[in-house]
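Chemist: no FASTA, just this:
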């Protein structure tokens, strides 16, 4: 009887052991299947990427072969963004919405009513739009368009589109004039400790004329602080303080309608012996005088006619505004009558 019971128990343990072994084998098989699926997915993605790259390379090779047969070189260019509401007078509260669409830049005057939205489309697939509202040229460091842009003051709206494996689009420009009181830049009031904290935005304004035809890399641009910075009623950095800048890019206009351009960086401002490090800068590009046809992607850029076309020079003028960021926390010296030199 005891022997039979022992055999029964051992048989049950053996059965449980076989079940555990079977479960382990099933889990291993499942893990192997998952790994195989992951490897297959990764390989498929790699194959797709490689096929896309090969297609792009083939496209560029076809363009190169075509250029050998035709002395005019061709490039693929992203279609130009345009605004569905033309430049003109805008009532306060109007919003501007960007789509992406290819057409010639809209001209003329159009008065819109509050609530109007302006859209831009681009039929170039996967194009991304960047825009500015202060007259400077958009770059990938500018704001990316993600929704309506409210127009509450006179605005110089510019937008460009970027698409994969294509040249950047030409700049779309529109000026919206809003009738109403001029919007002033308010003073920046700090806490009582007088610390100008990192990432604080400061308003700056240009105070000289700089043209891409004569500008040189390394030259400075006269730029001033466009607001008072205060602690309580005391002005610790006055409006008009000179800002240290340097030109980082300067190209004169060229043939084929290529415009001139200027780019600069803002480094710092100094007041009462304290230097405030800054981060920021802007880019300005002249008018592109090469008019792209409506119905083609490949734009001939070398030829007898296009060689005669010159782009416009970029010119920074007094009164152009923009903002920069404070680079690091900076304690300021507070100077008020009867209390000089408080750190």
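Modeler: Everything's here; your move. In this text the structure is predicted, and so the values were computed from the model without any measurement. Numbers count the residues shown, from 1 in each chain.

Chemist: domain ranges for the chain?
Modeler: Taking automatic domain parsing as the reference, the chain has its domains at 71-183, 188-337.

Chemist: I'd like those domains laid out as JSON lines, including mean pLDDT and mean neighbour count.
Modeler: Every residue, glycine included, has its C-beta placed from N, CA and C. Formatted as JSON lines, the domains of the chain follow (pLDDT from 0 to 100; neighbours: other Cβ atoms under 10 Å):
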{"stretch": "domain 71-183", "mean pLDDT": "75", "mean neighbour count": "18"}
{"stretch": "domain 188-337", "mean pLDDT": "87", "mean neighbour count": "17"}
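
Chemist: Can you work out which other helices and strands pack against the host helix or strand of residue 283?
Modeler: In this structure, residue 283 sits in strand 281-285 according to DSSP states H and E. Using 3 or more Cβ pairs under 8 Å, 6 or more residues apart in numbering; DSSP states H and E as the contact criterion, the elements in contact with strand 281-285 are strand 242-251, strand 261-271.

Chemist: of those, which approaches residue 168 most closely?
Modeler: strand 261-271 (12.0 Å; Cβ to Cβ).

Chemist: Starting from that closest one, tell me which strands it pairs with and how they run.
Modeler: Strand 261-271 pairs in its sheet with strand 242-251 (antiparallel), strand 274-279 (antiparallel), strand 281-285 (antiparallel), by DSSP bridges.

Chemist: circling back to that earlier point, other residues contacting the strand holding residue 283?
Modeler: 136-137, 139, 171, 212, 245, 248-249, 259-266, 314-316, 322, 324 (Cβ atoms under 8 Å, 6 or more residues apart in numbering).

Chemist: got it, and stretch 201-214?
Modeler: Residues from elsewhere that reach stretch 201-214 (Cβ under 8 Å, 6+ apart): 185, 188, 219, 221-227, 229, 243, 247, 250-253, 260-262, 266, 278, 284, 286, 313-326.

Chemist: Contacts only, for the residue nearest to residue 199 when sequence neighbours are not counted.
Modeler: Nearest non-adjacent residue to residue 199, counting by Cβ to Cβ, 6 or more residues apart in numbering: residue 325, 5.4 Å away. With contacts defined as Cβ under 8 Å, 6+ apart, residue 325 is in contact with 198-202, 278-280.

Chemist: how about those residues in TSV, adding distance to residue 156?
Modeler: Putting these into TSV (distance: Cβ to Cβ, whole Å) gives the following:
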residue	distance to residue 156
198	29
199	26
200	25
201	19
202	20
278	23
279	23
280	18
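
Chemist: Among the residues you listed, which one sits closest to residue 85?
Modeler: For the contacts of residue 325, the nearest to residue 85 is residue 201 (28.3 Å; Cβ to Cβ).

Chemist: And the closest one, how close does it get to residue 141?
Modeler: The gap separating residue 201 from residue 141 is 15 Å, by Cβ to Cβ, to the nearest Å.

Chemist: for residue 275, same thing?
Modeler: In this view, residue 275 and residue 141 are 24 Å apart by Cβ to Cβ.

Chemist: Check residue 134 too.
Modeler: On the measure of Cβ to Cβ, residue 134 and residue 141 end up 14 Å apart.

Chemist: Would you agree the residue nearest to residue 199 falls within a strand?
Modeler: Yes - according to DSSP: H, G, I helix; E, B strand; the rest coil, residue 325 belongs to a strand.

Chemist: Tell me the bridge partners for it.
Modeler: When assigned by DSSP bridges, residue 325 has beta-bridge partners residue 201, residue 279.

Chemist: do residue 230 as well
Modeler: Beta-bridge pairing for residue 230 (DSSP bridges): residue 189, residue 235.

Chemist: I figured it hits residue 236, correct?
Modeler: Yes - counting by Cβ atoms under 8 Å, residue 230 does reach residue 236; the two are 6.5 Å apart.

Chemist: hey, what's in contact with both of these two?
Modeler: residue 190.

Chemist: which residues are contacting stretch 220-231?
Modeler: Contacts with stretch 220-231, where a contact means Cβ under 8 Å, 6+ apart, come from 185-192, 194, 196, 202-208, 210, 235-247, 264, 266, 269, 316, 321, 332, 334.
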